[in-house]
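> Turn this into a structure:
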Amino acid sequence: MKPSKQIIIAAFFSFILLSSFTKITPDQRLIDYLGAEKVNTLQKNNPNLIAYYNFYLDNAYILEEIPADKLAGNGFTTLTVPLQNGKVNTKKLNILLLDIQRKYDTRVYYKVKGSSQVFVFLSEKEFMEKYNAHRKQLGLDK
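Model prediction:
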């Protein structure tokens, strides 16, 4: 038994209607950076940017544990970030508030003050590949 054209069309439009009402919840760290009013405007006018920043906040960097003897004299700039038990507290870390510059095709390294961790900021190119793969996995990019 084949479904009628009307059922298929109704299901399609129902999906489109429900999808248009899906609201992306902004990460609190984005609100802390931009302010609630700006984030509300983005939710209305550019919700994809909210999704981008939500992903960026947790995926634009890597934390690596480095032995203390290898950290000495490496020339990395020191970065002060929230710590918990000598490790970066990723729940409180807001990379949007840090004074760091991303490079297009090179990772940027920082020593984390008070820790044996190194903060590795992904290159723009590497991050966008990661973000696009994430979007494709969610079925947002074909």
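
> For this structure, give me the ranges with low pLDDT.
The model of the chain has pLDDT under 70 over residues 1-22, 142.

> how about the strands in it?
Remark: strands assigned in the chain by DSSP state E are 61-65, 77-79, 83-84, 87-88, 108-112, 117-121.

> so which of those strands comes closest to residue 31?
With CB to CB, the closest approach to residue 31 among the strands of the chain belongs to strand 61-65: 19.9 Å. Using the backbone N, CA and C atoms, a C-beta is placed for each residue, glycine as well.

> which strands and helices sit next to the closest one?
On a contact count with 3 or more CB pairs under 8 Å, 6 or more residues apart in numbering; DSSP states H and E, strand 61-65 meets strand 117-121.

> just to revisit the earlier point, can you redo the strands of the chain as TSV with mean neighbour count and distance to residue 52?
Rendered in TSV, the data for the strands of the chain read as follows (neighbours: other CB atoms under 10 Å; distance: least, CB to CB, whole Å):
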stretch	mean neighbour count	distance to residue 52
strand 61-65	14	15
strand 77-79	14	23
strand 83-84	13	27
strand 87-88	16	22
strand 108-112	19	20
strand 117-121	20	16
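
> quick one: which of those strands is nearest residue 100?
strand 117-121 (5.8 Å).

> what's that closest one packed up against?
Using 3+ CB pairs under 8 Å, 6+ apart, the elements in contact with strand 117-121 are strand 61-65, strand 87-88, strand 108-112.

> Just send those back as TSV, with distance to residue 41 too.
Listed next are these as TSV, based on distance: least, CB to CB, whole Å:
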stretch	distance to residue 41
strand 61-65	27
strand 87-88	31
strand 108-112	30
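
> and this protein, what are its domains?
By the assignment in automatic domain parsing, the chain contains the domains 23-59, 60-142.

> For the strands of the chain, give me CSV that also has distance to residue 100.
Output for those, formatted as CSV (distance: least, CB to CB, whole Å):
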stretch, distance to residue 100
strand 61-65, 9
strand 77-79, 7
strand 83-84, 17
strand 87-88, 14
strand 108-112, 7
strand 117-121, 6
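
> Which one of the ones you listed lies nearest to residue 141?
Evaluated with CB to CB, these place strand 61-65 nearest to residue 141, the distance being 22.8 Å.

> and that closest one with strand 117-121, angle?
160 degrees (axes from the mean of the first three to the mean of the last three CA atoms, to 10 degrees).
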